[in-house]
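>>> sharing a sequence plus its predicted fold:
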Amino acid sequence: MRTPKALILRAAGTNCDVETAVAFKMVGATAVTAHIDEVKQGRVRLMDHDILVFPGGFTYGDDISAGKVLANELKAHLRELRGFIRSGRPVLGICNGFQVLVKCGLLPQTPSNEQTASLSFNDSNRFEARWVRLRINLQSQSLFIRGLPEIIELPVAHGEGKFVVKSPKVLEHLKKTRAILMQYVNEEGKFAGYPYNPNGSLFNIAAITNPEGNCLGLMPHPERFITRWHHPNWTRQTFLKDGVGLEIFRNAVTYVAS
Amino acid sequence: MSRPLPATDAAAWPQWACAPVKALQDLSARHGWSLSADELKAVQAHFAALKREPTRAEVEMLAQSWSEHCRHKTFRSPIRLKDGRSTRLIKSLLEDTLMAATRKLAKPWCLSVFKDNAGVVEFDKRWALAYKVETHNHPCAIEPYGGAETGVGGVIRDVLGVGLGAKPVLNTDVFCFCPPDYAGELPEGVLHPRRTLTCVVAGVRDYGNRMGIPTAAGAVYFDEGYRFNPLVFVGTVGLMPHGAVHTSIQPGDAVVAIGGRTGRDGLHGATFSSTGLDKGVDSTAVQIGHAICEKRVLDALLRARSAKLYRALTDCGAGGFSSAVGEMAARVQGKGGARVDLAKALLKVSDLEPWEVWLSEAQERMVLAVPPKNLKALQELMAAESVEACVLGEFTSTGRIEVLHGEQRIVDLDLDFVHDGLPLREQAALWEAPKTEPPAPLRLDGERCAQILRWAVSHLNVCSREWIIRQYDHEVQGGTVVKPLQGIQHDGPGDACVIWPIAVTEDPSDYRGFAVAHGINPALGKDPYAMALACVDEALANLVCVGADVSKAALLDNFCWGSPKDPRQLGALVRAAEGCRDAALGFETPFISGKDSLHNEFIDAKGRAVPIPGTLLISAIAPVPDIRRALTMDMKGPRNALYIVGRTAGALGGSLLAQHLELHAAPCPEVDVRAARDAYRKISLAAQKGLLLSAHDLSEGGLAAAASEMGFSGDTGVEIDLDKLPRAKDAAGEAALLFSETPSRILLEVSPECEKEFLKALRGTLCARIGTTLANPVLRILGLDGRIHFEEGLRDLKALWQKTLPEKLLVGLNARNGGKR
């Protein structure tokens, strides 16, 4: 069996690329980290890779708004990107990467590539880092969540993570296509407002997918929970599922390999 | 923005050869050089011997490199100390205290100490840890957001610029502020502490988060003594391969500047921070930061380091190119030297005077020594990472620093004069031991003790720092395995953080990590010697509490004091430095780096100097042999045994209890260094064997506060029998036992199955079982008579502990919105 190749795309201000690469290596993939300029100049070709990742960070300082500048840069390559997604290969946008996918119109997926949602400033008006509980929509087609329990824990760290939509229709469509993949909940698995919903996201949305399930954007950081020692309560042995973030990467790699 | 006078302004630029010292002093004051009469005379004599006039750029360069900020004159000049009736001469405070201790300890794992941008110690056989802590006090007083940002940016560049460069893996931040709800009068130009606090936190947050470096260790200390001069300490830890620790520069290597462009921002930073503050200070002395520019530099440099494209580098900090190039020139093999042409520098604005280019402290710049054959490859790599680079000149072996601007020669100085020409002058210091009264027995009933506890946990110096910590991305790089906020709800006050640097080693099968902690307690300032011992002790105790190996701990010092021209201030500083030396020797923990920031004083309207409380920050770093054995401070559950290590003494000086009861003459506690060292090593080993469940050191608020914090962080109750507490004779009465802040004490939670082996591991150490953990979340204290002294609900105590800081920040906002100002 061939080793799957994950392409981790970085730009000035990307800062979660190394730990994301470590996660892919732990599940047996080859991780290639490339600068966006190398893709623009044709020195690195998207289609040579099996998995594409937009990691976390502050690309271009999040000037204008989070992820906006990189999103605009990507728009010039949208055909290729859409082709990559249409080919069914896994695409993952984490935190700033999610912001990028939303702002270049890839998520929520629309026929016209129009941006129909955004990730706006947190209701607290501050950058915040904390662990959250997430309820996974197990009915979704997403290839990233196989074998995961309904409730998981992951950390978030962002200042602009409040998911908002352009019109109520967008939310209806997301619900109908089972594209809402993860929602912020409390210990009882219920919607509970701040701080369980750390940013005030509409409908407690933390992650969305395309209806086909191969393109995932999420605010939480799965690459920060790849061993049990990453969990804030590992010294108490009271976590739900250990290293659950790693499973998200493993699912992508297993999917490609099979 | 005021334009500085050009060098050609004849009226402003006297003939140096015949100018009286007074005229030169006026000149120095006008240009903000902070040069003393002696130093001006030395410059005058140097150029008289050369039979020529100095240029503006030359004097500016000398002023920068001779500043307190760059040269640490106070720590390097002889001091005559009058200590009570005796007088003694200290040749160099730095050499005789901190460096002497490190030299004597001669630890083989210290790889580079007191010479490079940061101290470097061994992490494992492949990697080394570099740690540096800087202050950015003066800039934060004037422009807190920019000052904090550039403070963080600067210390990151220090670590990027150590050896061949280390990859930053942790940022630390410690602040001393006036309480944010301060209601007193503040003179014009002094910012309210609430504004200083919120803007400094925002600056640290925005720069550190954008750089992708976790900010995961720190402290905040509040005292009204900081109302004019807040203190901001920022630190960075980096990892580098052993082969990158040492560098050498060859004559002929190119001088290459990379990163940000040079502008007028940050002129005179070094000299301005070497004087006191008054309302006339110009905010152009504070620079503007640009984190993404520095992030590109970081990415590019790490690639260039792997490709071995350069031979040495340093950051442009205080003094800009003049100090970066000047300092590297001195490291060139042979006589050293450098020749640069500033016309080649990339500028932000075109109307800079040549001397301004030479001195500008514009941010995000590094200087590299590049073998000419690598220039093309380096320039290509920089371009690929969108980093601007320019070749300014070359390193030479002429022993001179030569600076041209096109055809114009603006500096031609002997390197020896720049680096060794500074006249050292004997300083007078005075020390008088404070008058104290022996502790008197305190008889306070249970209700009163409970009341003091509620006051203590909601005290600004004890309360939760969550409001600050949550704003930092403390988990980026995926290595923060013991987080700053701990416990069942992820909100308890951790003693230290543990970093597992897999984003550098890329090897998750290697479980080695490191821990970083701090010790700071200006409340002990009346006895600076005791304060230094207590600070070192606290930093090490914090490391022990997360399971670090303290036998390989290394220390960093940061002294922040008033003007050393005041003999009493200097005397206190000497006592603090001597305390550091004795602590280092006693604990066998070497100092590896340090920094002093003096002149932290405010000149009030009547011309009187108001100094800050003398403040010492000790930062400590130690390896954690196996992060899977690390500890947190939250209690893990009911029916476990609670042990205390160390003896409780009655000296209450500097404690919250003394503050509460106004016991101003209470003596400061002493540290039994030998006993503490022995105990810490044994606890370290017990932790590595997995015999401990939780650990927390006793600091502000003593046993009562520490037990409360452990309990409410784990939602677990605690019962403590005060009669079981090992204590000195002078520690009489429940209040003293509950709230004494005697150093070197640690509370440990041990499961019943491990108790026997635990006691074996701690044999020879003063250690006693004082209580048990309970299912019901209460703190129950049994008094000396065996009856319940008081019982308090831990959830209520937690609520008090959590609400203080947000409330005090909010109170101000409400007052402002209510139109009171």
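Happy to help now that I have it. Residues are numbered from 1 along each chain as shown, chains lettered A, B, ... in the order given.
>>> part of a strand, is residue B:176?
Yes: assigned with DSSP: H, G, I helix; E, B strand; the rest coil, residue B:176 falls within a strand.
>>> model confidence score at the residue lying closest to it once chain neighbours are set aside, please.
Closest residue in space to residue B:176, ignoring its immediate chain neighbours: residue B:231 at 3.9 Å, by CB to CB, 6 or more residues apart in numbering or on different chains. The way it works is simple: take the backbone N, C-alpha and C, and place the C-beta from them, glycine included. The score at residue B:231 is 97. That number is its pLDDT.
>>> per-residue pLDDT of residue 223, please?
Picked chain A for this. Reading off the confidence values, residue A:223 has pLDDT 97.
>>> actually, chain B is the one I wanted.
Note for residue B:223: predicted pLDDT of 97.
>>> so what's it up against?
B:176, B:178, B:179, B:522, B:523, B:613 (CB atoms under 8 Å, 6 or more residues apart in numbering or on different chains).
>>> ok, these vs residue B:597, which is closest?
residue B:176 (11.3 Å; CB to CB).
>>> can you pick out the most distant pair from the contacts of residue B:223?
B:178 and B:523 (14.7 Å).
>>> so where is the stretch 151-258 of chain A shaky, pLDDT-wise?
Residues of the stretch 151-258 of chain A meeting the criterion pLDDT under 70: none.
>>> interface residues of it facing chain B?
The stretch 151-258 of chain A comes close to chain B at residues A:155, A:157, A:221, A:223-224, A:226-227, A:229-230, A:232-236, A:238, as judged by CB under 8 Å from any CB of the partner chain.
>>> from these, which would you call buried?
Among these, those classed as buried by neighbour count (16 or more other CB atoms under 10 Å in any protein chain shown) are A:155, A:157, A:221, A:223-224, A:226-227, A:229-230, A:232-236.
>>> could you check how far the residue nearest to residue B:176 is from chain A?
24 Å (CB to the nearest CB, to the nearest Å).
>>> pLDDT on the helix or strand encompassing residue B:449, on average?
Taking DSSP states H and E as the definition, one finds residue B:449 inside helix B:446-457. Per-residue pLDDT values over helix B:446-457 give a mean of 97.
>>> now find how far off-centre that helix is within its chain.
Chain-centre distance of helix B:446-457: 33 Å, with CA atoms, centre = their mean, to the nearest Å.
>>> can you tell me which helices and strands the helix or strand following that helix packs against?
The C-terminal neighbour of helix B:446-457 among helices and strands, as given by DSSP H and E, is helix B:466-469. Applying 3 or more CB pairs under 8 Å, 6 or more residues apart in numbering or on different chains; DSSP states H and E, we find helix B:466-469 packed against strand B:215-222, helix B:794-817.
>>> sheet partners, orientation included, of the very next helix or strand once past the shortest one?
By that I understand strand B:215-222. Where DSSP H and E defines the elements, the next helix or strand beyond strand B:215-222 is strand B:231-241. Counting by DSSP bridges, the strands paired with strand B:231-241 are strand B:127-135 (antiparallel), strand B:167-177 (antiparallel).
>>> kindly export strand B:231-241 (C-alpha atoms) in PDB.
Output in PDB follows, covering the C-alpha atoms of strand B:231-241 (Å, rounded to 0.1, in the frame of the first residue of the first chain):
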ATOM      1  CA  LEU B 231       7.100  46.600  35.200                       C
ATOM      2  CA  VAL B 232       6.800  44.300  32.300                       C
ATOM      3  CA  PHE B 233       9.000  41.200  32.100                       C
ATOM      4  CA  VAL B 234       8.800  39.100  29.000                       C
ATOM      5  CA  GLY B 235      10.700  35.900  28.300                       C
ATOM      6  CA  THR B 236      11.300  33.400  25.600                       C
ATOM      7  CA  VAL B 237      12.500  29.800  25.700                       C
ATOM      8  CA  GLY B 238      13.900  28.300  22.500                       C
ATOM      9  CA  LEU B 239      15.300  24.900  21.400                       C
ATOM     10  CA  MET B 240      18.400  24.500  19.300                       C
ATOM     11  CA  PRO B 241      20.700  21.700  18.200                       C
END
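>>> sweet, I'm off.
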